[in-house]
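Participant: Any chance you can model this:
(one chain, ligands or ions: 2)
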Amino acid sequence: MYDLWSLFGLRESPFFQDTLAPGSPYPTELFVGRKAESDRILRHVASSPSSRQVLHGPPGIGKTTLAQHAKGLLWEENHIVRWRSIAVVAGQRAPALLVDILASVHEAVLTARPALSKEEPMEAARGLIRSFRQTSGGGGISVLGSGAQASTQTHYVRPVEAGVLQEAWRLLLEIVNLACGKREADGVVVHLNNIENLTSSDSMEEAARTFRDIRDLFLVPGLHWLVVGTSDETLGILGSYPQVRSIFLPSHPPLAPLSADDFLGLLHARYAFLVEKKNREIVVPVEDEAAVAVYTLFRGDLRGALRTLEQGCLSLAGLTEGEPVRPLRYDEILATLRPVYEAEMLADLSATMIERMREIAETHGDGVTQGDLKEAWDVTPQRVSQVVGQLERRGYLSQVGLDGRAKVYALTGTGRIALGLTRSAG
Ligand SMILES: Nc1ncnc2c1ncn2[C@@H]1O[C@H](COP(=O)(O)OP(=O)(O)OP(=O)(O)O)[C@@H](O)[C@H]1O
Ligand SMILES: [Mg+2]
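Facilitator: Numbering: from 1, shown residues only. Ligands and ions are numbered 1, 2, ... in the order given. Below is the predicted model of the structure:
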C-alpha cells in the first residue's frame, strides 16, 4: 500500500490523538511540559494516606494524558496504578460504577502483585465482577437500576443493588489492605476518566447523586483518586452535594493550554520516536510555523489541532507525488481543509445557525457571553442558550474563559476553518 508517512521517513502518523500509556504504541516518554502541574499532583498524593484530585479543563487540552503521566511518576514511587483509566459511562449508577472501580483496582493489584491472586478478596472480587456484568448485560452498564423510568423524585437502591454495593465495598477495602498492608505498596491510584459522560444522558442531579452514594469510598486510606473531566460538568457533579464538594473541592485550577513551544516539542518528540529507520533523515510533514498557526487557531485544543494537521497531510498526500517531499505550509493545509470542514458544517447546521456563528466570529472574535448575545440579537435568553448549546455540541463553539461568573465563548478552530476565518492566526 502506498504509505504517506514513509515518504517523510516516519513509521506512522505523528498526529495521532490517543493518550499516552506504557505498553501502548505511544509511550509516556512522549510527554512534554506541565512540570508544575505534575509536581502538584504528586505533592498532593504524598501529603496524606488518601487523596482526591480533580483534573479538569476544556476538551482536548491534555487532561487524560496529564493523569497518565502522573500515574507513571507515582508508579515509580511505589504506587500501584492501572494504565487504562476507568471510563465513566452515561447514566451509570453507584453499583455499576463501584463494580468498575473494584475491577480496576483488582486488575492493578493483580498486575503489580501477582502473588496476591489467590487471596480470598481477590478471588471473591473476580466472582462478583463476573456475575454482576453477566446479569447486567455486560459492558459495565447497570440495567438493575431504575434505568429508563428513573425519576429525579424517587431514588431508592434495590435490595440486589444494595447487596452488590456492600460486597464490592468490603472487597475493595480488603484488597487495598492486602496491597498496601505491611508497607507492600504506598497506595493504589484510581483514575476515573471523562466523568462528564455521566451527565450526557440525564440530569446533572443523577450524576451528582452517583458520587454522593459512594462518597465515603473516596476517603479510604490507601486510595488516591484522580478524577478527570471537562470543567463545567465535572465541577457541577462534584459541587452539587456539600458532603462531596467538601472532600473534592477546591482542587486544581482548570488545566491551561500547553505553550506553542511545548506543542512544537510534542511534535518533534513524536517525529523522533516514529522515525522509520534509525539514522534515516526525516522530513517534517508540516512546517513548524504552520503547526504553531494551526495550534493557535485551536486555542489549546491539542486533539483538534492534531486532527487538523493529520487531515491536512492525508488530503494532500497524492499531490506532492513526483516532487520531492517537503513540509506543508499553513495556507496549503487550510486551502485543502476549508471545503471539507465547510461541507460538514453545511450538513450539520441550518443557514440561520451558520449566520449566528459567523456573527459571533466577526463581531466578538475575542469571546462573547450569552448576555452579550442576547443584547446583540435581541432574542430571549432561552433562544441564546439554545443556539450556543447546539454550536457547542457540534464542536463549533467552546468556552474559552469566564467573565465574572458568565462563561465566555469563542469559535473553535474547526468553526473558524469552516467559515474561512483563519487569517488572524496566520
Ligand atoms: N503534555 C503532553 N505531552 C505530549 N502529548 C500530549 C500532552 N498532553 C496531551 N497530549 C496529546 O494530545 C492529545 C489530546 O490529549 P488528551 O486526550 O489527554 O486530552 P483531553 O483533555 O483528555 O481530551 P478530552 O477532553 O477529549 O478527554 C493526545 O494525543 C495526547 O497524547
Ligand atoms: Mg480525555
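Participant: right, and residue 298 touches residue 412 too?
Facilitator: Yes - here residue 298 reaches residue 412: they are 6.9 Å apart, a contact under Cβ atoms under 8 Å. Bear in mind the C-beta positions are built from the backbone N, C-alpha and C, glycine included.
Participant: which residues are in contact with both of the two?
Facilitator: Common contact partners of residue 298 and residue 412 (Cβ atoms under 8 Å, 6 or more residues apart in numbering): residue 304.
Participant: State the pLDDT value of residue 222.
Facilitator: Listed pLDDT for residue 222 reads 92.
Participant: Could you tell me which residues of the stretch 251-400 of the chain lie near ligand 1?
Facilitator: Counting by Cβ under 6 Å from any ligand atom, the residues of the stretch 251-400 of the chain close to ligand 1 are 258, 266, 302, 303, 306.
Participant: contacting residues around the residue of the chain found nearest ligand 1?
Facilitator: Taking Cβ to the nearest ligand atom as the measure, the chain has residue 62 as its residue closest to ligand 1, at 2.9 Å. Neighbour list for residue 62: 34, 255, 258, 302 [criterion: Cβ under 8 Å, 6+ apart].
Participant: Inside strands: which ones of those residues?
Facilitator: Of the positions in the contacts of residue 62, not one sits in strands, assigned by DSSP state E.
Participant: Could you pick out which of those residues are located in helices?
Facilitator: Per DSSP state H, helices hold the following members of the contacts of residue 62: residue 302.
Participant: nearest to residue 401, of the contacts of residue 62?
Facilitator: Of all the contacts of residue 62, residue 401 sits closest to residue 255, with 13.2 Å by Cβ to Cβ.
Participant: Hmm, that closest one is touching residue 63, no?
Facilitator: Yes - using Cβ under 8 Å, residue 255 makes contact with residue 63 at a distance of 5.7 Å.
Participant: list residues touching both of those two?
Facilitator: Listed as contacting both residue 255 and residue 63 by Cβ under 8 Å, 6+ apart are 55, 56, 57.
Participant: Quick one: end-to-end distance for stretch 360-379.
Facilitator: 15 Å (Cα to Cα, to the nearest Å).
Participant: buried set for it?
Facilitator: Neighbour-count burial for stretch 360-379, counted by 16 or more other Cβ atoms under 10 Å, picks out 360, 361, 364, 367, 368, 369, 370, 372, 373, 374.
Participant: got the contact list for that stretch?
Facilitator: With Cβ under 8 Å, 6+ apart, stretch 360-379 has contacts from 356, 359, 380-381, 383-385, 387-388, 391, 397, 400-401, 403, 406-411, 415-416, 419, 421, 424.
Participant: which residues in the stretch 251-400 of the chain form helices?
Facilitator: Using DSSP state H, counting those that start in this stretch, the helices found in the stretch 251-400 of the chain span residues 260-273, 288-297, 302-315, 330-348, 351-363, 370-377, 381-393.
Participant: how about CSV for these, with mean pLDDT and distance to residue 246 added?
Facilitator: Formatted as CSV, those follow (pLDDT from 0 to 100; distance: least, Cβ to Cβ, whole Å):
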stretch, mean pLDDT, distance to residue 246
helix 260-273, 96, 35
helix 288-297, 95, 38
helix 302-315, 92, 33
helix 330-348, 92, 42
helix 351-363, 91, 38
helix 370-377, 91, 30
helix 381-393, 92, 30
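Participant: Out of these, which gets nearest to residue 171?
Facilitator: helix 302-315 (36.2 Å).
Participant: between the closest one and helix 260-273, how many degrees?
Facilitator: Between helix 302-315 and helix 260-273, the angle comes out at 50 degrees (axes from the mean of the first three to the mean of the last three Cα atoms, to 10 degrees).
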